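>>> fold the following.
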Amino acid sequence: MNEGRPKKLSTEPYKGVRDFFPPDMAVEKAIFGIWRSVCERYGYEEYGASVLEPADIYRAKTGDEIVNEQTYTFKDRGDREVTLRPEMTPSVARMVAAERRNLPFPVRWYSIPNLFRYEQPQRGRVREHWQLNVDLFGVETRLAEIETINMAYDIMRAYGLKDADFEIRLNDRKLMDYVTRDVFGLDQETAKKVSKLIDRKEKMPADAFQAAVTELFAPDPKLRGKDEPFMTLLNSRNFEEFVSRLPATKEEHSGLTEINEVIAGLEKLGITNVRFDQTLMRGFDYYTGIVFEIYDLNPANRRSVFGGGRYDDLLSLFGSDRVTAVGFGAGDVIARDIMETYGTLPEPSSPADLAICIVGAESAAYAFDLAQSLRAGGLRVFVDLSAKKVGDQIANASKRRMTRVICVGEEEVKTGKLRLKDLSTGTETEGTVEQIREMIHRDDRYDS
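Numbers count the residues shown, from 1 in each chain. Sure, this is the predicted structure:
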């Protein structure tokens, strides 16, 4: 009976991605507005790049496993292997490497790209999301970390959080390389495995983590018995305790100095919700120094919100001379979760400053002309084209959160006198086009 009929398509979006209906898009615009506002207050410029990158960029940076299992990678019609970008840092590194001779350093850039990762969707994690990327190129000193962490702090405050609501957690990859290779004598391959294990420590039961460390240490006779002191060091309660358990030569190590410099610099700016976290590694191998994460302390989230760090060697993938860099990323999904948790999501706004209701088809031309005149004066004007009864048109305007209405009928066309109705108070005001426009502008200036 249904033979020859086309198959009914699902209205559901692809798994792990989102549709943005107007109320959702309003939240996205508010989040993007926070990001742009903070970045541009610091003098950062916005840039963009294609969502498609050669897969080799990610293979060179993270290896085959990540590309094959966690990205959308495919062959194009020219048999080239391309990837929907899972992150923005390789793209910006490529762009800076391409133009480094012509760029005025330090370079301060930001972008808000959409990113794709093939992973299991869960709270705070989807397969496509938008992310703020902030990068500062060409500053060797810790001033780069201090500025970028200050920006991250300002973003959290702009979300509506207080200092007591979140922590800034710091570590240094140089310090952890020193611990794994110099203090405990791990070879490069084992040190890399241990670093990735430490990065998952907070997500594992304590006994499972300890068993995994012991398993990594066991094959090397030189490491047997060192798993216990290693665990003791990792379980240090604070920076002072961690440092006290290092060899006497610890003061010579630059990682400790860098952490102290950043914490001291942030304290001078009044940012005191900072703490050292020796288990913070960040997943990407390209980090070369300070790494940091912003951590929400609310039990509803209680997770890393966003983070970043220093990556001084990434541009060398493109044959470029060494260019120092510090950056961070902040995602839109967790931003929305946080603002929902703290009750700081923006209220739905009206799509227009004024609704014009048409009373009778013969009034339509005048209504259109009136709307154009008001738009030319800077107002957003919605014209109801439904041809419904006036009461229904007014109800429709109210449903769309528009509180100002002008009804245009035979009398208005004849006299040019307009009645502006405020649906929130029920009051009506009569005036010319110019007077109506000025009234709305004046009320909006007063409200803001």
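>>> please name every helix or strand in contact with the longest strand anywhere in the chain.
Determined from DSSP state E, the single longest strand within the chain is strand 128-137. The contact analysis (3 or more C-beta pairs under 8 Å, 6 or more residues apart in numbering; DSSP states H and E) places strand 128-137 against helix 22-41, helix 89-99, strand 107-111, strand 114-116, helix 143-158, strand 325-331, helix 332-341. The way it works is simple: take the backbone N, C-alpha and C, and place the C-beta from them, glycine included.
>>> direction included, what does the fourth one pair up with?
Think strand 114-116. strand 128-137 (antiparallel) (DSSP bridges).
>>> tell me what angle the partner strand forms with helix 332-341.
100 degrees (axes from the mean of the first three to the mean of the last three C-alpha atoms, to 10 degrees).
>>> mind checking how far strand 128-137 is from the chain centre?
Distance, stretch centre to chain centre, for strand 128-137: 6 Å (C-alpha atoms, centre = their mean, to the nearest Å).
>>> can you point out the buried residues in it?
128-137 (16 or more other C-beta atoms under 10 Å).
>>> next, format those as TSV and append distance to residue 306 and pLDDT.
Putting those into TSV (distance: C-beta to C-beta, whole Å; pLDDT from 0 to 100) gives the following:
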residue	distance to residue 306	pLDDT
128	17	90
129	12	93
130	12	95
131	8	96
132	8	98
133	10	97
134	10	98
135	14	97
136	16	97
137	20	96
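>>> okay, the residues you listed in TSV with distance to residue 8 next?
TSV is the format used below for the buried residues of strand 128-137 (distance: C-beta to C-beta, whole Å):
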residue	distance to residue 8
128	25
129	29
130	31
131	35
132	39
133	40
134	45
135	46
136	51
137	52
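>>> if we can go back for a sec, next, the angle helix 143-158 makes with the longest strand of the chain.
140 degrees.
>>> going forward can the numbers begin at 17, since that is how I track them
Okay, residue one is now 17; in that scheme the one you just asked about reads as strand 144-153.
>>> what's the angle between strand 144-153 and strand 341-347?
160 degrees.
>>> for the nearest residue to residue 255 once chain neighbours are set aside, list the residues it contacts.
What sits nearest to residue 255 in space, not counting adjacent residues and going by C-beta to C-beta, 6 or more residues apart in numbering, is residue 292, at 3.8 Å. By C-beta atoms under 8 Å, 6 or more residues apart in numbering, residue 292 lies in contact with 185-187, 254-255, 258, 275, 279.
>>> for residue 380, state which of the buried residues of strand 144-153 is nearest.
Nearest to residue 380 among the buried residues of strand 144-153, counting by C-beta to C-beta, is residue 146 at 40.0 Å.
>>> how close does the residue lying closest to that closest one once chain neighbours are set aside get to residue 293?
Nearest residue to residue 146 in three dimensions, chain neighbours excluded: residue 348, at 4.3 Å (C-beta to C-beta, 6+ apart). Applying C-beta to C-beta, to the nearest Å, the value for residue 348 to residue 293 is 25 Å.
>>> and the angle for the longest strand of the chain with helix 105-115?
40 degrees.
>>> tilt between strand 144-153 and strand 123-127?
Going by the same axes, to 10 degrees, strand 144-153 makes 180 degrees with strand 123-127.
>>> tilt between strand 144-153 and helix 38-57?
0 degrees.
>>> would you map the strands across the stretch 267-416 of the chain?
Along the stretch 267-416 of the chain, the stretches classed as strands by DSSP state E, counting those that start in this stretch are 290-292, 306-312, 320-326, 341-347, 370-374, 397-399.
>>> of all these, which lies closest to residue 446?
Nearest of the strands of the stretch 267-416 of the chain (C-beta to C-beta): strand 370-374, 15.0 Å.
>>> and the closest one, what does it pack onto?
helix 380-392, strand 397-399, helix 406-415, strand 420-424.
>>> want to throw these into JSON lines with mean neighbour count?
Shown next, in JSON lines, are these (neighbours: other C-beta atoms under 10 Å):
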{"stretch": "helix 380-392", "mean neighbour count": "16"}
{"stretch": "strand 397-399", "mean neighbour count": "19"}
{"stretch": "helix 406-415", "mean neighbour count": "15"}
{"stretch": "strand 420-424", "mean neighbour count": "23"}
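>>> JSON lines please, covering these and showing distance to residue 84 and mean pLDDT.
Shown next, in JSON lines, are those (distance: least, C-beta to C-beta, whole Å; pLDDT from 0 to 100):
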{"stretch": "helix 380-392", "distance to residue 84": "53", "mean pLDDT": "96"}
{"stretch": "strand 397-399", "distance to residue 84": "50", "mean pLDDT": "97"}
{"stretch": "helix 406-415", "distance to residue 84": "50", "mean pLDDT": "96"}
{"stretch": "strand 420-424", "distance to residue 84": "57", "mean pLDDT": "96"}
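>>> correct me if wrong: residue 103 contacts residue 131.
Yes - the criterion here is C-beta atoms under 8 Å, and residue 103 meets it with residue 131 at 6.0 Å.
>>> show me what contacts residue 194?
Neighbours of residue 194 in contact, by C-beta under 8 Å, 6+ apart: 269, 271.
>>> before we move on, the earlier item: closest to residue 448 out of the helices and strands packed on strand 144-153?
helix 38-57 (32.7 Å).
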